[in-house]
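A.B. asks: Okay, structure incoming, though there's no sequence with it:
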């Protein structure tokens, strides 16, 4: 597996298996980053820890997600919107916007998080479970090597 091609470009297509492996590696990387940041006082509960981790992993996550959407012959606009909304919610939560004076979120932030969660389920189904286009499509050859029927 060419990690440079997988994480640093958004051209071409990848299979579901490659996406799952790449995503699991990004999850492991986020845990490692949180651990390292926690050692210097910038862990999960700090203001800047989640922002640093998000910024470090947004580009590779965007690239593998877009390649997976392209495998389904889709330009990935829905995935780009999801990633943008996730960034906004991450920033709001990091700066404690949308939280009442207690640790619980305000009603509007709860609604936004619920809608983002539903959108996330849609994205995971599209990217992680549905089969890509068989044979070549407008984004390149089939990553599984099948010819068009």
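C.D. replies: Perfect, thanks for sending it. Computed from a predicted structure; not experimentally measured.
A.B. asks: So for the chain, the centremost residue is which one?
C.D. replies: Nearest residue to the geometric centre of the chain (C-alpha atoms, centre = their mean): residue 61, 4.5 Å.
A.B. asks: Correct me if wrong: that one contacts residue 26.
C.D. replies: Yes. If you go by C-beta atoms under 8 Å, residue 61 and residue 26 touch, sitting 5.8 Å apart. The way it works is simple: take the backbone N, C-alpha and C, and place the C-beta from them, glycine included.
A.B. asks: which parts of the host helix or strand of residue 87 are buried?
C.D. replies: Using DSSP states H and E, residue 87 sits in helix 77-94. Going by neighbour count (16 or more other C-beta atoms under 10 Å), the buried part of helix 77-94 is 78-79, 82-83, 86, 89-90, 92-94.
A.B. asks: What are the buried residues along the host helix or strand of residue 64?
C.D. replies: Following DSSP H and E, the helix or strand that holds residue 64 is helix 49-71. Under the neighbour-count criterion of 16+ other C-beta under 10 Å, helix 49-71 has 49-54, 57, 60-71 buried.
A.B. asks: Kindly report the same for stretch 106-119.
C.D. replies: Neighbour-count burial for stretch 106-119 [16+ other C-beta under 10 Å]: 109, 112.
A.B. asks: Ok, stretch 1-13 next?
C.D. replies: 6-7, 10, 12-13.
A.B. asks: can you put those in JSON lines and add secondary structure, pLDDT and distance to residue 98?
C.D. replies: Formatted as JSON lines, the buried residues of stretch 1-13 follow (DSSP: H, G, I helix; E, B strand; the rest coil; pLDDT from 0 to 100; distance: C-beta to C-beta, whole Å):
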{"residue": "6", "secondary structure": "helix", "pLDDT": "96", "distance to residue 98": "34"}
{"residue": "7", "secondary structure": "helix", "pLDDT": "97", "distance to residue 98": "31"}
{"residue": "10", "secondary structure": "coil", "pLDDT": "95", "distance to residue 98": "31"}
{"residue": "12", "secondary structure": "coil", "pLDDT": "95", "distance to residue 98": "38"}
{"residue": "13", "secondary structure": "coil", "pLDDT": "97", "distance to residue 98": "37"}
